[in-house]
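S.K.: Task: produce atomic coordinates for the following.
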Amino acid sequence: MNTISERFFPSIGKEDYLPLLKAFGFFFFVLASWYALRPIRNELAVEFGYEDLIILGFSVNPISLLLTVGALFMLCINPIYSYVISKIDGSKVVLYCYSFFIVNFVLFLCGWTLLEDQGRIWTAYIFYVWLNVYSLLVVSIFWATLINFFNSDDGRRLFGIISAGGSLGAFFGTSVTQYFALEVCGSDISDTGPSFLIIFSIVCLCISIFLARDLHVEDSNNFSEKKEIGGSAGDAIRSLISVPEVRNIAVYVLLFTTLATIAWMMSLDIIREWSSDPCERTSYFSFVEQVVIPLTLIMQVLFSSFLMRRFGTLIILVIYGLLFAIAFSVYYLFPVIAAVFTISIMQRLFEYGLNKPTRETYYADMKKNDRYKSTVLVDTFISRTGDLTGGWIVGFGLITLSISWAALPLALLLSLTGYKAAKSIR
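M.R.: Presented below is the predicted three-dimensional model:
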């Protein structure tokens, strides 16, 4: 019995309890803030996808355009983030960045409350872009804080458990959305805006700021670092070009987000065929979250730490390509709502139960500047560039639902890149 327990459950010392509990709660409220709004983002995508926009006489797919705007915004915001991070106390990163998010949410509340119909429609477009930016930044800053507090050995023991806190928070957030689904139902989500859910997210961010106060390194045996992070605004971009482990993981993230976006846009076509009711679709998106999150939680609590310690970084990074190959094959053979449901569970279970904690363990072995800056660049701009690439691939008809098998070479390339990335960090 002791042998089985030692295999599956990581060793946790008394000194780990308090920071583990704080990190667990921190991630709970971070993901609750995002997952309360995630079904709204998905429903907006479905609504925007019905009609092309006419810009300068050209017909443009709204989703591809918004993904482009999101990627460009990430490119602009990363040097600003790096500059601010270089100048502030490391313990204040969460306070400053999350306060910025709160101010933005307040502005969106004002937009939906004060603007007329056309203004609310444009608020919905901007909100969609911002949600894509927010979803990455808020989580990236959380993990940047964690990997500067825990080292890579701690990560293999504890990141699975901490990720479980995020899954519980995600389940809580989607449950709130499910309960208040009537607020976002109707002919057009931009009419009233998800006001209550934005307020809920603001409250969650405030609690996150409180829990993150002590999760920073001062005098630690693991890190001999000053509080000030230092460097300059261009550090992350320079590392992306010159540091092999940063460059390799960046290509890996670019590929898997490209593939994930292609799969997601294919699934939207299937969902539109399945239902034309925005209320039913929003409820479906929430239901998917409520099914997949408990499964992910079980994975994180019982298996993530064991599998990460047993198989290591290499196998976990490599296997992602195989999973995408299965997903595209299923969409090609069975383009039905049940396939979307199954693939969503499979992909999310692997991403949040194994791949994401493994990538953060990978990040924990990087230098201090790269942990704070390059990791955020990769998880924001590079990730959104992958979304953009996938969006335009589908937008130009290079890979569609009817020829989803055309994405299989990219899936193979992802596995090869994962192998190279895992080798570079050793």
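S.K.: I'd say Ile316 and Glu351 touch.
M.R.: No: using Cβ atoms under 8 Å, Ile316 makes no contact with Glu351, being 10.8 Å away. Placement of C-beta: from N, CA and C, glycine included.
S.K.: Which residue of these two possesses the greater neighbour count?
M.R.: More crowded of Ile316 and Glu351, by other Cβ atoms under 10 Å: Ile316, with 22 against 17.
S.K.: Could you pull up the contacting residues of the more buried one?
M.R.: Ile316 makes contact with 307-308, 354-355, 358, according to Cβ atoms under 8 Å, 6 or more residues apart in numbering.
S.K.: which stretches of the stretch 151-300 of the chain have low pLDDT?
M.R.: 151-152, 180-193, 216-233, 282 (pLDDT under 70).
S.K.: wait, the stretch 301-426 of the chain
M.R.: Looking at the stretch 301-426 of the chain by pLDDT under 70, you get 426.
S.K.: Sketch out the helices for it, chain order is fine.
M.R.: 305-333, 337-350, 356-364, 368-369, 375-377, 383-395, 408-424 (DSSP state H, counting those that start in this stretch).
S.K.: Contacts for the third one, please.
M.R.: So that's helix 356-364. By Cβ under 8 Å, 6+ apart, the list of residues contacting helix 356-364 from outside reads 143, 146-147, 150-152, 154-156, 159-160, 163, 245, 249, 253, 300, 304, 308, 313, 316-317, 370-371, 375, 421-422, 425.
S.K.: Work out which residue lies at the spatial centre of this protein.
M.R.: Leu136 (4.8 Å; Cα atoms, centre = their mean).
S.K.: how far away is the nearest residue to Asn104 once chain neighbours are set aside from Leu137?
M.R.: Closest residue in space to Asn104, ignoring its immediate chain neighbours: Trp130 at 6.5 Å, by Cβ to Cβ, 6 or more residues apart in numbering. Distance of Trp130 to Leu137, given as Cβ to Cβ, to the nearest Å: 10 Å.
S.K.: Ok, Tyr372 next?
M.R.: Counting by Cβ to Cβ - Tyr372 and Leu137 are separated by 13 Å.
S.K.: Buried members of the contacts of Ile316 into ChimeraX, please.
M.R.: Selection command for ChimeraX covering only the buried members of the contacts of Ile316, criterion 16 or more other Cβ atoms under 10 Å:
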select :307,308,354,355,358
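S.K.: Please name the nearest non-neighbouring residue to Arg247.
M.R.: In this structure, Arg247 finds its nearest non-sequential neighbour in Leu240, 6.1 Å apart by Cβ to Cβ, 6+ apart.
S.K.: quick one on the thing from earlier: which of the contacts of helix 356-364 fall within strands?
M.R.: Secondary structure defined by DSSP state E assigns none of the contacts of helix 356-364 to strands.
S.K.: can you give me the helices for the stretch 51-200 of the chain?
M.R.: For the stretch 51-200 of the chain, helices defined by DSSP H, counting those that start in this stretch occupy the ranges 62-87, 93-114, 117-147, 152-179, 195-211.
S.K.: ok, residues contacting the last one?
M.R.: Judged by Cβ under 8 Å, 6+ apart, the contacts made with helix 195-211 from elsewhere in the structure are 22, 25-26, 29-30, 32-34, 36-37, 40, 94-95, 98-99, 101-102, 105-106, 108-109, 112-113, 138, 142, 169, 173, 176-177, 180, 183-184.
S.K.: And the second one, by the same measure?
M.R.: When contacts are taken as Cβ under 8 Å, 6+ apart, the neighbours of helix 93-114 outside the stretch itself are 81, 84-85, 88, 119-120, 123, 126-127, 130, 134, 137-138, 141-142, 144-145, 192-193, 195, 198-199, 201-202, 205-206, 208-209, 212, 215, 372.
S.K.: Now which of those would you call buried?
M.R.: Buried among those (16+ other Cβ under 10 Å): 81, 84-85, 88, 120, 123, 127, 130, 134, 137-138, 141-142, 144-145, 193, 198, 201-202, 205, 208-209, 212, 215, 372.
S.K.: Ser33 reaches Val139, doesn't it?
M.R.: No: at 10.1 Å, Ser33 and Val139 do not qualify as touching, with contact defined as Cβ under 8 Å.
S.K.: Could you report the neighbour count for the closest residue to Ile141 other than its chain neighbours?
M.R.: Excluding the flanking residues, the one nearest Ile141 by Cβ to Cβ, 6+ apart is Cys97, at 5.1 Å. By other Cβ under 10 Å, the residues close to Cys97 number 23.
S.K.: do the same with the one 10 residues further on
M.R.: Counted with other Cβ under 10 Å, residues neighbouring Leu107 total 12.
S.K.: coming back round to it: show the contacting residues for the residue nearest to the centre of the chain.
M.R.: Counting by Cβ under 8 Å, 6+ apart, Leu136 makes contact with 74, 379-380, 383-384.
S.K.: Also Ile315?
M.R.: Counting by Cβ under 8 Å, 6+ apart, Ile315 makes contact with nothing.
S.K.: Residues contacting whichever strand or helix holds the residue nearest to Arg247, please?
M.R.: Per DSSP states H and E, Leu240 falls inside helix 235-242. Helix 235-242 has contacts (Cβ under 8 Å, 6+ apart) with 78-79, 82, 86, 246-247, 250, 369-370, 373-374, 376-378, 382.
S.K.: repeat that for 10 Å
M.R.: 75, 78-79, 81-83, 85-86, 229, 231-232, 245-247, 249-251, 366-367, 369-370, 372-378, 380-382 (Cβ atoms under 10 Å, 6 or more residues apart in numbering).
S.K.: Just want the angle from that helix to helix 62-87.
M.R.: Relative orientation of helix 235-242 versus helix 62-87 (axes from the mean of the first three to the mean of the last three Cα atoms, to 10 degrees): 110 degrees.
S.K.: what comes up buried for helix 235-242?
M.R.: The neighbour-count check on helix 235-242 (16+ other Cβ under 10 Å) flags 235-237, 239-240 as buried.
S.K.: Please save the CA atoms from that helix in CSV.
M.R.: Output of helix 235-242 as CSV, limited to C-alpha atoms (Å, rounded to 0.1, in the frame of the first residue of the first chain):
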residue,chain,number,x,y,z
ASP,A,235,14.9,40.7,-23.4
ALA,A,236,12.2,38.3,-24.3
ILE,A,237,12.5,38.8,-28.1
ARG,A,238,16.3,38.5,-27.9
SER,A,239,16.0,35.2,-26.0
LEU,A,240,13.5,33.9,-28.5
ILE,A,241,16.1,34.3,-31.2
SER,A,242,19.3,33.3,-29.3
